[in-house]
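Novice: Model the following, please.
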Amino acid sequence: MNAASTYNRYILTGIRGSREQVVVFPDAFVSSIIVVDRSSVMAVPFYDRVIAGLIHHQGAVIPLVILRRVFGELSAMLSETFSVVHLSALAGGLEGVGLVVDRVLSSIPAGQYTPSSDHLAVDALMAQLPLQLWQPQRWHSYSRSDVQ
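Specialist: Okay, the predicted model is just below:
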């Protein structure tokens, strides 16, 4: 991601961990930022642990990915209310996905944004998502003979 690109703004978000990680989204990748109540999340068992569940928002079903879990904090839980960056069609394979962030830090005009070594561009983050993310998982594996 390049600040000299055609993006107008960058949205900076924070992910807590051993140190806060800043994830940067170009404005064109962001459809909306949603504040979600945990009680509105529908569980999706048998999927990768980074998926928190699904929400209904403005007529759409949005799968939620907890970014702290992507960064390795597998025990990360959702707070009572949390922020979601809902990705647009320009986010490629993650169109329509909601990324759970700990907080929205700021929105910066492209001309004022300077990339930093401690900022993670969302496209680099996308490369860290598990390949099996959208495939149902099983509690344990068993052979066909176990079922008979």
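Novice: If we go by neighbour counts, what in stretch 87-102 is buried?
Specialist: Buried residues in stretch 87-102, counted by 16 or more other CB atoms under 10 Å: 87-88, 91, 94, 97-102. Bear in mind the C-beta positions are built from the backbone N, C-alpha and C, glycine included.
Novice: ok, how many other residues are close to the nearest residue to Met42 once chain neighbours are set aside?
Specialist: Using CB to CB, 6 or more residues apart in numbering and skipping residues adjacent in sequence, the residue nearest Met42 is Leu54, 4.7 Å away. A count of nearby residues for Leu54, using other CB atoms under 10 Å, gives 17.
Novice: name the element Leu54 belongs to?
Specialist: If you go by DSSP states H and E, Leu54 is part of strand 51-57.
Novice: Quick one: mean pLDDT for that strand?
Specialist: For strand 51-57, mean pLDDT rounds to 94.
Novice: Now do the contacts for Leu125.
Specialist: Shown in contact with Leu125 (CB atoms under 8 Å, 6 or more residues apart in numbering): 23, 67, 70.
Novice: Now for the chain, the helix or strand with the poorest mean pLDDT.
Specialist: helix 144-147 (a mean of 43; mean pLDDT, DSSP states H and E).
Novice: What are the contacting residues of stretch 41-60?
Specialist: Contacts for stretch 41-60 (CB under 8 Å, 6+ apart): 34, 36, 40, 61-66, 69-70, 74, 78, 84, 86, 96, 98, 100, 129-130, 132-139.
Novice: Any buried residues in the strand holding Leu54, and which?
Specialist: 51-55, 57.
Novice: Reformat those residues into a markdown table and put distance to Leu12 next to each item.
Specialist: Formatted as a markdown table, the buried residues of strand 51-57 follow (distance: CB to CB, whole Å):
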| residue | distance to Leu12 |
| --- | --- |
| Ile51 | 24 |
| Ala52 | 22 |
| Gly53 | 25 |
| Leu54 | 26 |
| Ile55 | 23 |
| His57 | 22 |
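Novice: Just give me the closest of the residues you listed to Ala110.
Specialist: Using CB to CB, His57 comes nearest to Ala110 of the buried residues of strand 51-57, at 27.2 Å.
Novice: Residues in a beta bridge with the closest one, which ones?
Specialist: Beta-bridge partners recorded for His57 (DSSP bridges): Ala60.
Novice: Good, wrapping up.
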